[in-house]
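Peer 1: Following is a predicted model, sequence given first.
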Amino acid sequence: MDPKDQHKLDDIVKKCVKGDRKAQHELYKIFYSKMMGVCYRYTNNAEDARDILQDGFVKVYINLKKYNFKGSLEGWIRRIMVNTAIDHFRKTKNVFMVDDEDDYILENSKVESADSIYSQFGEKVIMEAIQSLSPAYQTVFNLNVIEGFQHKEIAEKLNISEGTSKSNLAKAKRNLQKILLEKEARLKDE
């Protein structure tokens, strides 16, 4: 980031900490698009994504005084959005997680080797495929593949076992592979 832009952003953050509504709106506008994308990956619809985004920004404003200006502000805000999305799904855990860790071994090597299919499609198509997954698979996939969390961390965050996290990831990949292969076949038929 350009030093001039960084200075402007630091100034906005300082004003936000003081409760300046105009600065809060400016911060929101700067990060809206990227953070909406983060939130949207954890839900199947724009309304829920907006709810998560709004809750996340409330947390950003409340906790901004803890930001120490070291590291990326965007990364700091992103982490809050991811955690807010996790909180959102913890509230619906009874319909969210499938405890199917015994099935983890099912075709795991086939799924892992099929990752190359993802490279054949654009971001929009892959995003649509991810959003068609069940909430459990979608969340574990996002946390592991996109955010880089390990299964132990995912298990702790979602209050599930590591085996369930691994199983959900394997099934998410298998389902994504199936969705994308079907899409590829439809495209060939057209």
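Peer 2: Thanks, I have it.
Peer 1: Count the neighbours of the residue nearest to Q150 when sequence neighbours are not counted for me.
Peer 2: In space, and not counting its chain neighbours, Q150 is closest to N144: 7.7 Å by C-beta to C-beta, 6 or more residues apart in numbering. In this view, the C-beta of every residue, glycine as well, is placed from N, C-alpha and C. Per other C-beta atoms under 10 Å, the neighbour tally for N144 reads 20.
Peer 1: So N144 is in contact with K152, correct?
Peer 2: No. Counting by C-beta atoms under 8 Å, N144 stays clear of K152, with 11.1 Å between them.
Peer 1: ok, which stretches of the chain are helices?
Peer 2: Remark: helices assigned in the chain by DSSP state H are 3-17, 21-40, 46-63, 73-90, 93-96, 108-113, 123-131, 135-141, 151-158, 162-189.
Peer 1: Pick the most deeply packed of the ones you listed.
Peer 2: Each of the helices of the chain was scored by mean neighbour count; the highest is helix 135-141, a mean of 24, by mean count of other C-beta atoms under 10 Å.
Peer 1: Domain map for the protein?
Peer 2: As assigned by automatic domain parsing, the chain contains the domains 3-91, 95-189.
Peer 1: Would you single out the least confident of those?
Peer 2: Sorting the domains of the chain by mean pLDDT places domain 95-189 lowest, at a mean of 76.
Peer 1: Distance-wise, check the nearest residue to L53 once chain neighbours are set aside relative to Q54.
Peer 2: Nearest non-adjacent residue to L53, counting by C-beta to C-beta, 6+ apart: C39, 4.7 Å away. In this view, C39 and Q54 are 9 Å apart by C-beta to C-beta, to the nearest Å.
Peer 1: same deal with I179?
Peer 2: I179 is 30 Å from Q54, where distance means C-beta to C-beta.
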